[in-house]
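Student: here's a sequence, model it:
(one chain, ligands or ions: 3)
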Amino acid sequence: MRDLHQQIRQVLADAATVAVIAHVRPDGDAIGSVLGLGTLLTEAGKQVQFILPDGASALYKHMAHYDRIQTRLQEPVDVVVVLDCSDLLRTGDVLNGRKVDINIDHHPTNELFADINLVEVEAAATSQIITLCAQHWGLGLSKTAAEPLMAGILTDTIGFRTSNTTADTLRAAALLMEQGVDMSGLYYNTLLKRSYQSVKLWGRGLEHLQKDGRLAWTVLDEDDRQASRYSGKDDAELTALLATIKGVDVIVVFVAQDDNHVKVSWRATNGVDVSNLAVSFNGGGHAPASGATVEGTLDEVIERVLGETKKLLQERRKQD
Ligand code: AMP
Ligand code: MN
Ligand code: MN
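Tutor: Numbers count the residues shown, from 1 in each chain. Ligands and ions are numbered 1, 2, ... in the order given. The predicted model follows:
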């Protein structure tokens, strides 16, 4: 590990220009990692490209360098760092064949696609890895970088609630608070505050909620988005709400994207691992939280995914 940090330190030291890239449909950890590491590198005198293939939610617009976020990579660039991505598909089409120098991630499904792969599966967030390792890479923390990094940790752990929240997660949060971050303010802004439209969308999702044994699922389609005037094509974090249902081990949320693509999100408790199931649908993630974008009509995808998810739960029952 020490050797890996040395290598990262050297590669960054030798670079004048660095691109930091995270995944499509970015969550708080993707945005926090790009803004956080990008800010640290900028403060170290590097010319930085902040890249998120789908841009970033306006929730983060008050953060430093938000307005420098681009959706494309501009060559030439000395070093490319990919953050919070388990595979290269997650970077959309920004790389265009360009090799990745450094891969920093915490997904167990990571495909180790770079020259240097720092994949810490026990870390609760990529932002946590950056926070705790920055000093080994010759980068000092600052308040401007601490804010997005804290947002990344808060969102990936749903406010320190996920089972992968460890003493190291809290140590990282403490380091960031020491830089002067307003943790409770960020907590409210990134996790609790919701638009009226997103709560209306929840209403539609809750109306469609179904349950079979220890599996519960719901569906959101274009009609639901129009009825609630919700503009995104995500689940408005309905997954986090459904994951609190008592007596349920797995929840699945299906969000129609277009006539032939459905975003599927799995959340699991009680030690059920849904990551391999997500990989089998060309997605990925963590044991308790995984996702995939699946080709097919809404009805087809629901049938296939529920079929495989039920099989997983049956296998598990056999083992018990
Ligand atoms: P989501 O259901 O989109 O909130 O994602 C849950 C977890 O699965 C996150 O850790 C994502 O990084 C991961 N994930 C979601 N979609 C994909 C995908 N298409 N490929 C790989 N990992 C994914
Ligand atoms: Mn992510
Ligand atoms: Mn993450």
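Student: so what's the residue nearest to residue 32 when sequence neighbours are not counted up against?
Tutor: Of all residues not flanking residue 32 in the chain, residue 152 sits nearest, at 2.6 Å (Cβ to Cβ, 6 or more residues apart in numbering). All C-beta spots, glycine's among them, are computed from the backbone N, C-alpha and C. Contacts here follow Cβ atoms under 8 Å, 6 or more residues apart in numbering; on that basis residue 152 touches 28, 29, 30, 31, 32, 33, 36, 125, 126, 127, 128.
Student: for the residues you listed, work out which two are farthest apart.
Tutor: Greatest spacing in the contacts of residue 152, by Cβ to Cβ: 31 and 128 (14.7 Å).
Student: figure out the helix or strand that the residue nearest to residue 32 lives in.
Tutor: Residue 152 belongs to helix 143-156 when assigned by DSSP states H and E.
Student: buried set for the helix or strand just after that helix?
Tutor: Next along the chain after helix 143-156, taking DSSP H and E as the criterion, comes helix 167-178. Buried residues in helix 167-178, counting neighbours by 16 or more other Cβ atoms under 10 Å, are found at 168, 169, 172, 173, 175, 176.
Student: same check, this time on stretch 180-188
Tutor: Using 16+ other Cβ under 10 Å as the test for burial, stretch 180-188 gives 181, 183, 186, 187.
Student: C-alpha coordinates for it, PDB please?
Tutor: Output of stretch 180-188 as PDB, limited to C-alpha atoms (Å, rounded to 0.1, in the frame of the first residue of the first chain):
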ATOM      1  CA  GLY A 180     -13.800  24.100   9.300                       C
ATOM      2  CA  VAL A 181     -16.600  22.300   7.400                       C
ATOM      3  CA  ASP A 182     -20.100  22.800   8.500                       C
ATOM      4  CA  MET A 183     -21.100  19.100   8.800                       C
ATOM      5  CA  SER A 184     -24.700  19.500  10.000                       C
ATOM      6  CA  GLY A 185     -25.400  22.100   7.300                       C
ATOM      7  CA  LEU A 186     -24.100  19.800   4.600                       C
ATOM      8  CA  TYR A 187     -26.000  16.900   6.100                       C
ATOM      9  CA  TYR A 188     -29.200  18.900   5.800                       C
END
